[in-house]
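Undergrad: Mind looking at a prediction? Sequence and model below.
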Amino acid sequence: MPTSRSFPIVKKCVLAGATLSAVLIPCIAGAALGEPEASVQADGAMFHGSIKTTEHASYRLHEIQLPSGTTLREFAGSDGKVFAVAWNGPNVPNLRQTFGRYYDTFVTAAKVKHGGHTHLQIQQNDLVVQSIGHMRAFVGRAYLPQAVPSGVDLGELR
């Protein structure tokens, strides 16, 4: 059983893994937060991932199954812009590419001490990020609160 002293290491590993993935892994997805969803199809072809698109009342969900086993979900509103992303699988996706212009905000906020040791939660006016995981099992989501379409339950963004 892990000791209470081992949990800060888990948090550092999650953040380090996410940062390292963003630097070392080539682009996973081009339809970044706040950007047009038009590049989703090109992303799937480029990375040999299969894409499944589902229409919902207020948004479109693009699920990209990556060869690594990770599933990346991109949520786009009726305005054609990505307002949320979510992932689960053995690897954290390339967060620099996935978060786009919000990546620097994420990195700065992630450096601040957070209450939990096994997860990362950032809640700002313009960006919310929730991530948890350990080696080969990562789950997370990020969304732009001001861009979430009216009537969308945040619980759906997973």
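TA: Noted; the coordinates are in hand.

Undergrad: State the distance from the closest residue to Ile132 other than its chain neighbours to Val40.
TA: Once flanking residues are discounted, Ile132 sits nearest to His119: 3.9 Å by C-beta to C-beta, 6 or more residues apart in numbering. Any C-beta I mention is one placed from the backbone N, CA and C, and that applies to glycine too. Taking C-beta to C-beta, to the nearest Å as the measure, His119 falls 28 Å from Val40.

Undergrad: now the strands for the chain?
TA: Using DSSP state E, the strands of the chain run over residues 50-55, 59-65, 71-77, 82-89, 119-123, 128-134, 137-143.

Undergrad: Just put the ones you listed in a markdown table and tack on mean pLDDT.
TA: As requested, the strands of the chain are exported to a markdown table (pLDDT from 0 to 100):
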| stretch | mean pLDDT |
| --- | --- |
| strand 50-55 | 91 |
| strand 59-65 | 93 |
| strand 71-77 | 94 |
| strand 82-89 | 95 |
| strand 119-123 | 90 |
| strand 128-134 | 92 |
| strand 137-143 | 95 |
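
Undergrad: how about those in JSON lines, adding distance to Pro149 and mean neighbour count?
TA: Listed next are the strands of the chain as JSON lines, based on distance: least, C-beta to C-beta, whole Å; neighbours: other C-beta atoms under 10 Å:
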{"stretch": "strand 50-55", "distance to Pro149": "13", "mean neighbour count": "12"}
{"stretch": "strand 59-65", "distance to Pro149": "6", "mean neighbour count": "20"}
{"stretch": "strand 71-77", "distance to Pro149": "5", "mean neighbour count": "23"}
{"stretch": "strand 82-89", "distance to Pro149": "7", "mean neighbour count": "24"}
{"stretch": "strand 119-123", "distance to Pro149": "19", "mean neighbour count": "15"}
{"stretch": "strand 128-134", "distance to Pro149": "15", "mean neighbour count": "19"}
{"stretch": "strand 137-143", "distance to Pro149": "11", "mean neighbour count": "19"}
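
Undergrad: TSV for those, including distance to Ala110?
TA: As requested, the strands of the chain are exported to TSV (distance: least, C-beta to C-beta, whole Å):
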stretch	distance to Ala110
strand 50-55	29
strand 59-65	24
strand 71-77	19
strand 82-89	16
strand 119-123	6
strand 128-134	8
strand 137-143	11
